[in-house]
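Engineer: Based on what follows, work out the 3D shape:
(one chain, ligands or ions: 1)
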Amino acid sequence: MKTKYLCPHCEEALNVDNDIVLKAKNNSGRKGIVFLHTLLGNYNSRFSAEFTITEGEKVKFYCPLCNSNLTNLKNERLAYFTMIDGDDKKFTVVFSKIYGEKCTYVIQETEVIKSYGDQLNIYTNPDWFLMK
Ligand SMILES: [Zn+2]
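Structural biologist: Just a heads-up that it's a prediction; the model follows:
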């Protein structure tokens, strides 16, 4: 079974081929679709036509299916979704909502088991991944 990415709220799949598809809103309130690469640590993202995000801008992410806000409850600079790996194990993926900030964390229960990106030291507060 291939890795699946799910909305943490409605638990529907968000990935299409090699993209995780999210609804987004930029600083000026414009809405668009953002495609994040399913390979964590690959920060090549794509946007729907007319949607722009500039470096340093904080993007709001939503589930395209249930419209839930994907912001992390403990740190509003971070967003998250669920990952189910090929062995059916469940993880939470946390990533920065600031465009250009490269930091992604894979969390199993309350432990960071993997991280990607070169700006991981921005979020060192241990509270940010304790979501409940
Ligand atoms: Zn959803």
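Engineer: alpha carbons only for contacts and neighbour counts from here, please
Structural biologist: OK.
Engineer: is it fair to say Asn121 lies in a helix?
Structural biologist: Yes: looking at Asn121 with DSSP: H, G, I helix; E, B strand; the rest coil, it is inside a helix.
Engineer: quick one: it and Thr104, what's the gap?
Structural biologist: Distance, Asn121 to Thr104, using CA to CA, to the nearest Å: 11 Å.
Engineer: Compare those two and say which is more crowded by neighbours.
Structural biologist: Thr104 (24 against 9; other CA atoms under 10 Å).
Engineer: what does the protein have sitting close to the ion?
Structural biologist: With CA under 5 Å from the ion as the criterion, the chain comes near the ion at residues Cys7, Cys10, Cys63, Cys66.
Engineer: Need the buried ones from these selected in ChimeraX.
Structural biologist: In ChimeraX syntax, the buried subset of the residues of the chain next to the ion is picked out as below (16 or more other CA atoms under 10 Å):
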select :7,63
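Engineer: Just the ones in helices from the residues of the chain next to the ion, please.
Structural biologist: The members of the residues of the chain next to the ion all map outside helices under DSSP state H.
Engineer: For the residues of the chain next to the ion, give me JSON lines that also has pLDDT.
Structural biologist: Compiled in JSON lines, the residues of the chain next to the ion are given as follows (pLDDT from 0 to 100):
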{"residue": "Cys7", "pLDDT": "98"}
{"residue": "Cys10", "pLDDT": "98"}
{"residue": "Cys63", "pLDDT": "98"}
{"residue": "Cys66", "pLDDT": "98"}
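Engineer: looking at it, Cys63 is touching Cys7, isn't it?
Structural biologist: Yes: Cys63 is within contact range of Cys7, at 6.2 Å (criterion: CA atoms under 8 Å).
Engineer: ok, how many other residues are close to Lys25?
Structural biologist: Neighbour number of Lys25 under other CA under 10 Å is 20.
Engineer: nearest residue to it other than its sequence neighbours?
Structural biologist: Once flanking residues are discounted, Lys25 sits nearest to Lys31: 4.4 Å by CA to CA, 6 or more residues apart in numbering.
Engineer: where exactly do the helices run in this structure?
Structural biologist: Counting by DSSP H, one finds no helices in the chain.
Engineer: Okay, now the unreliable bits of it?
Structural biologist: The chain contains residues with pLDDT under 70 at 125-132.
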